[in-house]
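Trainee: This is the structure alone, sequence omitted:
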């Protein structure tokens, strides 16, 4: 994942090494801001279970969604 001062709100999974039950390749995940995790090369995302977990940042690529799509992903049910 590209390093920056702020975490992107969304990432796409590009690899799921060792996390096949938790992550789906090419799926979009919402990022939960976690500065400590970022410093350790990790990213906190909402995974397939609906809970937030830490995963290696190298498994994801940051993406920018159109506003309409961002709203859809940001709503909680």
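Mentor: Nice, I can see it. Here the structure is a predicted model, which means the values were calculated and not measured. Residues are numbered from 1 along each chain as shown.
Trainee: Counting by contacts, list what the longest helix seen in the chain packs against.
Mentor: Secondary structure of the chain per DSSP state H: the longest helix is helix 67-74. In terms of contacts (3 or more Cβ pairs under 8 Å, 6 or more residues apart in numbering; DSSP states H and E), helix 67-74 is packed against strand 28-32. For the C-beta atoms, the positions are set from N, CA and C on the backbone; glycine is no exception.
Trainee: same for the strand it packs on, what does it pack against?
Mentor: Contact here means 3+ Cβ pairs under 8 Å, 6+ apart; on that basis strand 28-32 packs against strand 10-13, strand 42-46, helix 67-74.
Trainee: rerun at 7 Å
Mentor: strand 10-13, strand 42-46 (3 or more Cβ pairs under 7 Å, 6 or more residues apart in numbering; DSSP states H and E).
Trainee: Go through stretch 28-36 and flag the buried ones.
Mentor: Buried positions in stretch 28-36, judged by neighbour count with 16 or more other Cβ atoms under 10 Å: 29-31, 34.
Trainee: Can you give the distance of the longest helix of the chain from its chain's centre?
Mentor: From the chain centre to the centre of helix 67-74 is a distance of 15 Å (Cα atoms, centre = their mean, to the nearest Å).
Trainee: tell me the average confidence for that helix?
Mentor: Helix 67-74 carries an average pLDDT of 75.
Trainee: Isn't residue 55 up against residue 45?
Mentor: Yes. With contact defined as Cβ atoms under 7 Å, residue 55 and residue 45 form a contacting pair (6.3 Å).
Trainee: where in this structure is pLDDT low?
Mentor: 1-7, 73-77 (pLDDT under 70).
Trainee: rerun at 80
Mentor: 1-8, 48, 69-77 (pLDDT under 80).
Trainee: Can I get the helices and strands packed on strand 28-32 in CSV including mean neighbour count?
Mentor: Shown next, in CSV, are these (neighbours: other Cβ atoms under 10 Å):
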stretch, mean neighbour count
strand 10-13, 19
strand 42-46, 20
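Trainee: Thanks a lot, see you next time.
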